[in-house]
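*Asks:* Turn this into a model:
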Amino acid sequence: MAFREGTAWFAHAPLDRLGEPAMILGQGDPNLANFLWDGTGIRMVDFEDSGASSRAFELAILVEHASAWADSGLDSDAFLAMFDLTKAELAMLREYRRLTALFWLLKLQSRGTASHRDGDDALKRQAERLLTLLG
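*Replies:* Numbers count the residues shown, from 1 in each chain. Have a look, this model is predicted:
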């Protein structure tokens, strides 16, 4: 059901009509292992995939990365509330989160449950996450 709902959303997603975001240098690989906390500050590593991006996109791929919600228990809403996003960025963020959640659903499906350490549970939780975001 999540795949069907996600692809239906994607077929009509307004991604090309969200406006032009302010461009930033994005890190591009939001695996939480690339963010090192030393008790006072965060250091980012692994800029192999860095390039032009937007705040909304970088935040979306960070909070929807499997390492953020599945492994760390990051409270996405509380984390995102710390950023002063414009109305346009909030609209972009919503759509980019949906897109990223669909990406992770497809990625987990393509791995097959036997090769993924969490098996069916990760795929089921990702499907539920996507459906919630499509809400």
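
*Asks:* When you work out contacts or count neighbours from here on, use the C-alpha atoms and nothing else.
*Replies:* Will do.

*Asks:* max-length helix in this structure?
*Replies:* Identified as the longest helix of the chain according to DSSP state H is helix 87-111.

*Asks:* which other helices and strands contact it?
*Replies:* Taking 3 or more C-alpha pairs under 8 Å, 6 or more residues apart in numbering; DSSP states H and E as contact, the helices and strands that helix 87-111 lies on are helix 2-12, helix 55-63, helix 120-134.

*Asks:* which outside residues touch the shortest one?
*Replies:* With C-alpha atoms under 8 Å, 6 or more residues apart in numbering as the contact definition, helix 55-63 has outside contacts at 22-24, 26-28, 30-32, 68-69, 74, 76, 80, 89-90, 92-94, 96-97, 100.

*Asks:* same thing but 6 Å
*Replies:* Residues outside helix 55-63 that contact it (C-alpha atoms under 6 Å, 6 or more residues apart in numbering) are 30, 76, 89, 92, 93, 96, 97.

*Asks:* For the residues you listed, work out which two are farthest apart.
*Replies:* 30 and 89 (18.5 Å; C-alpha to C-alpha).

*Asks:* quick one: pLDDT of residue 44?
*Replies:* Per-residue pLDDT puts residue 44 at 90.

*Asks:* and it, what is it in contact with?
*Replies:* If you count contacts by C-alpha under 6 Å, 6+ apart, then residue 44 has 34, 35 around it.
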